[in-house]
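Q: No sequence on hand, only this structure:
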């Protein structure tokens, strides 16, 4: 048979599930689908959902990079969750750009750059990466006066 303690836990659990279910039924459901659009000339960042500038606000943005584009070493104060949605991209970690440290990321690949971790990237082709997280999202250069090594070649 059930002990008094077990019976109490079952009652509390049942009550909390019933209350949570009733509460969720009262809330209107919202969904949204955002198509992958071509970027207009000169457009580099597309807001997909949320507001990346607001603290505690979930967001999704898409970033366009031309073929061969180098993303200089930088970091963020939040985790950067990255998915390649178009093209071929590569991500590396460290305070200095090091082509040998780049890890290829093809369409559908997910990567994460944890908060405060210096990282860099290179677009191997014209690329769109989708970034999501919890704001505020900003990029801070590791070295604002950065000089690339002379041996960095294009894709």
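A: Arrived safely. Predicted, not measured: the structure shown is a model, and the values here were computed from it.
Q: in the chain, which spans are helices?
A: For the chain, applying DSSP state H gives helices covering 4-26.
Q: what domains does the record give for the chain?
A: Using automatic domain parsing, the domain parsing of the chain gives 1-30, 45-141.
Q: from those domains, which stretch is densest packed?
A: Ranked by mean neighbour count, the domains of the chain are led by domain 45-141 with a mean of 17 (mean count of other C-beta atoms under 10 Å). Yep, even glycine has a C-beta here, placed from its N, CA and C like the rest.
Q: Quick one: end-to-end distance for that one.
A: Using C-alpha to C-alpha, to the nearest Å, the end-to-end distance of domain 45-141 comes out at 18 Å.
Q: Same question for stretch 76-95.
A: Where stretch 76-95 begins and where it ends lie 13 Å apart, using C-alpha to C-alpha.
Q: Local confidence estimate at the nearest residue to residue 127 once chain neighbours are set aside?
A: Nearest residue to residue 127 in three dimensions, chain neighbours excluded: residue 87, at 3.3 Å (C-beta to C-beta, 6 or more residues apart in numbering). At residue 87, the pLDDT value in this model is 97.
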